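Engineer: kindly return the folded structure for what I paste below:
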Amino acid sequence: MPSITPPDPFDPAQLGPIQLRNRIIKAATSEGRSPDGLVTQDLIDFHVAYARGGVGLTTVAYCCVSSEGASAPGQILMTRNAVPGLQRLTEAVHAEGAAISAQLGHAGPVASKKITGVTAVAPSRMVNPTALEYCRAISRREITDVVQRFADAAAIAVDSGFDAVELHFGHNYLPSSFLSPLFNRRRDEYGGDIDNRSRFVREIADAVRTRVGNAIAVTAKISMDDGIRGGIGVSESLRTAQLLDADGTLDALELTQGSSVVRQMFLFRGDVPVDDFAAVMPQPWKTGVLLLGKKILGEFPYHDLYMLESARQFVPLMKNTKLILLGGITDFDHMSTGMAEGFDFVAMGRALLREPNLVEAIRTDRSKQTYCTHCNRCMYTVYGRTHCVLDPASAFGAVDSARGADSAVITGVDELAASARGSVCRD
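Structural biologist: A predicted model of the protein is given here:
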């Protein structure tokens, strides 16, 4: 039987009802550019840069389906009030030839009462081990309400001109926490074996697909492994993916790892920027981060394509759903490896923060190497305006006309210190 030549990463590709100009996606990275829950020109400029820089699809990170579902300051709230700004954003990205997706999320146990004003919810009552905040068990009525809110948010995305939505089923946010046997100890139909624990994400995906039909693509981000003992593991994630695939509600799955509750470096890999976190914190959090930051965040070495070993296990199981490879993809060889392994798309995050035009640079010079050093100092900027701190001259570097990047970061310090998180909720 003749072998099938894998597609070139720069070939056009179909994602549900939309066609992308290439197979390269700007992954969601918390932006902090929506202080009032609304689109700003700063946010528009942020995504236009990636569209102009060559990505096929850019993802607007963490659009909250409800105010109590926020994970950090400066996130968009998907209400009708947001539609005019969202329309300006999508129109600006489309003018550069790229498509745009809205990542829809509810933080659940990752949320902080100091930010949302209400006690966080989880599948079962628990204490967030990083924030040291109590989370109450969500009720069945509230589960139904959250499912509806995801559908409502997707409808707002359609009306705002988005090409796709990404349902955030990863990183121990509320949907992901239902998948975790550590966090989900329920005794009803949403707890127990993995089929029951997958019920919530399946209901969300079904409600969203029912609401939007084929007007836009529907994708989801799902954790293969959250890196926590007793938590989500690959074997059960494979089952969840199979159930979602059989439902036929999703056009693609983006495969991720890690948790925003604890051991966050399992997602990022590489350097642990505890000094940077500590530098923008008041006492006593500063000392606590310096002493315990690496233990809480975890230490995991970086290597290229670090999610591939787990992600390749999903490829032969998907019958209806395309797959997006994430994690340590920074050059053409990495992209080509993803295509050769059977993935339909690749997603890039930190490397694009350093170089918004990296995709176009690779298209014109396939030997191009990233400037990203995987230092992860971009992590602490999530509480201000997410950016690469290493390049002051970049579009999103140290200084803009209104304020320095350091002051932008410090705008989130009150929320950060009040929630006692000492970590980062990155998407």
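
Engineer: CA only for contacts and neighbour counts going forward, please
Structural biologist: Will do.

Engineer: stretch 373-392: how far from the chain's middle?
Structural biologist: 16 Å (CA atoms, centre = their mean, to the nearest Å).

Engineer: what of stretch 278-289?
Structural biologist: So, by CA atoms, centre = their mean, the centroid of stretch 278-289 is 26 Å from its chain's centroid.

Engineer: put the alpha carbons of it into CSV.
Structural biologist: The C-alpha trace of stretch 278-289 is given here as CSV (Å, rounded to 0.1, in the frame of the first residue of the first chain):
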residue,chain,number,x,y,z
ALA,A,278,8.5,37.5,43.6
ALA,A,279,9.7,40.9,42.3
VAL,A,280,6.2,42.1,41.7
MET,A,281,4.7,40.9,45.0
PRO,A,282,4.5,42.5,48.4
GLN,A,283,5.5,40.6,51.5
PRO,A,284,4.8,38.0,52.8
TRP,A,285,4.0,36.5,49.4
LYS,A,286,7.4,37.6,48.0
THR,A,287,9.3,35.4,50.6
GLY,A,288,6.9,32.6,50.2
VAL,A,289,7.4,32.5,46.4
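
Engineer: which positions in that stretch come out as buried?
Structural biologist: Residues of stretch 278-289 classed as buried: 278, 280-281, 285-286, 289 (neighbour count, 16 or more other CA atoms under 10 Å).

Engineer: farthest-apart pair in the residues you listed, please.
Structural biologist: Farthest pair in those (CA to CA) is V280 and V289. Separation: 10.8 Å.

Engineer: distance between the ends of stretch 223-239?
Structural biologist: 12 Å (CA to CA, to the nearest Å).

Engineer: just the buried residues of stretch 278-289: which are in helices?
Structural biologist: Judged by DSSP state H, those include 278, 285-286, 289 as members of helices.

Engineer: reformat these as JSON lines; add pLDDT and distance to L238.
Structural biologist: Shown next, in JSON lines, are those (pLDDT from 0 to 100; distance: CA to CA, whole Å):
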{"residue": "A278", "pLDDT": "81", "distance to L238": "38"}
{"residue": "W285", "pLDDT": "73", "distance to L238": "39"}
{"residue": "K286", "pLDDT": "82", "distance to L238": "40"}
{"residue": "V289", "pLDDT": "80", "distance to L238": "35"}
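
Engineer: which one of the residues you listed is nearest R136?
Structural biologist: Using CA to CA, these come closest to R136 at W285, 24.9 Å.

Engineer: isn't the closest one right next to F277, touching?
Structural biologist: No: in this structure W285 lies outside contact range of F277 using CA atoms under 8 Å: 9.5 Å.

Engineer: which stretches of the stretch 51-200 of the chain form strands?
Structural biologist: For the stretch 51-200 of the chain, the strands defined by DSSP state E, counting those that start in this stretch cover 57-64, 76-77, 99-105, 120-122, 126-128, 133-137, 164-169.

Engineer: what's the answer for the stretch 301-427 of the chain, then?
Structural biologist: Under DSSP E, counting those that start in this stretch, the stretch 301-427 of the chain gives strands at 322-325, 345-348.

Engineer: now mean neighbour count and distance to I115 too, for those, in CSV please.
Structural biologist: Shown next, in CSV, are the strands of the stretch 301-427 of the chain (neighbours: other CA atoms under 10 Å; distance: least, CA to CA, whole Å):
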stretch, mean neighbour count, distance to I115
strand 322-325, 24, 32
strand 345-348, 25, 29
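
Engineer: tell me which of the ones you listed sits nearest to L86.
Structural biologist: Here strand 345-348 is closest among the strands of the stretch 301-427 of the chain (CA to CA), at 22.5 Å.

Engineer: elements contacting the closest one?
Structural biologist: Contact here means 3 or more CA pairs under 8 Å, 6 or more residues apart in numbering; DSSP states H and E; on that basis strand 345-348 packs against strand 24-26, strand 322-325, helix 332-340.

Engineer: 10 Å - rerun?
Structural biologist: Contacts defined by 3 or more CA pairs under 10 Å, 6 or more residues apart in numbering; DSSP states H and E place strand 345-348 against strand 24-26, strand 57-64, strand 252-256, strand 322-325, helix 332-340.

Engineer: note down every partner strand of the fourth one and its orientation.
Structural biologist: For strand 322-325, the paired strands and their directions (DSSP bridges) read strand 252-256 (parallel), strand 345-348 (parallel).

Engineer: what does that strand rub up against?
Structural biologist: Contacts to strand 322-325, defined as CA atoms under 10 Å, 6 or more residues apart in numbering, come from residues 14-16, 23-25, 219-221, 245, 250-256, 305, 307-308, 311-312, 314-315, 335, 338-339, 341-348.

Engineer: what number of residues lie near G191?
Structural biologist: Using other CA atoms under 10 Å, G191 has 23 other residues around it.

Engineer: can you pull the contacts of it?
Structural biologist: 123-124, 178-181, 183-185, 197-200.

Engineer: repeat for D365
Structural biologist: Contacts of D365 by CA under 10 Å, 6+ apart are 332, 359.

Engineer: and it, backbone torsions?
Structural biologist: phi -140, psi 100 (degrees, to the nearest 10).

Engineer: same check, this time on the one 5 residues further on
Structural biologist: Reported as degrees, to the nearest 10, the phi and psi values for T370 are phi -70, psi 150.

Engineer: just give the nearest non-adjacent residue to it, would you?
Structural biologist: T330 (6.0 Å; CA to CA, 6 or more residues apart in numbering).

Engineer: and the one you found, how many neighbours?
Structural biologist: The burial count for T330: 24, using other CA under 10 Å.

Engineer: also S112?
Structural biologist: S112 has 31 nearby residues by other CA under 10 Å.

Engineer: can you tell me how far it sits from I18?
Structural biologist: Taken as CA to CA, the span from S112 to I18 is 36 Å.

Engineer: buried stuff in stretch 333-348?
Structural biologist: 334-339, 342-348.

Engineer: over to stretch 112-123?
Structural biologist: Buried-residue list, stretch 112-123, by 16+ other CA under 10 Å: 112-116, 119-123.

Engineer: want to throw those residues into JSON lines with distance to F162 and pLDDT?
Structural biologist: As requested, those are arranged in JSON lines below (distance: CA to CA, whole Å; pLDDT from 0 to 100):
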{"residue": "S112", "distance to F162": "29", "pLDDT": "89"}
{"residue": "K113", "distance to F162": "30", "pLDDT": "91"}
{"residue": "K114", "distance to F162": "31", "pLDDT": "88"}
{"residue": "I115", "distance to F162": "27", "pLDDT": "88"}
{"residue": "T116", "distance to F162": "26", "pLDDT": "91"}
{"residue": "T119", "distance to F162": "31", "pLDDT": "96"}
{"residue": "A120", "distance to F162": "29", "pLDDT": "95"}
{"residue": "V121", "distance to F162": "29", "pLDDT": "97"}
{"residue": "A122", "distance to F162": "29", "pLDDT": "97"}
{"residue": "P123", "distance to F162": "30", "pLDDT": "97"}
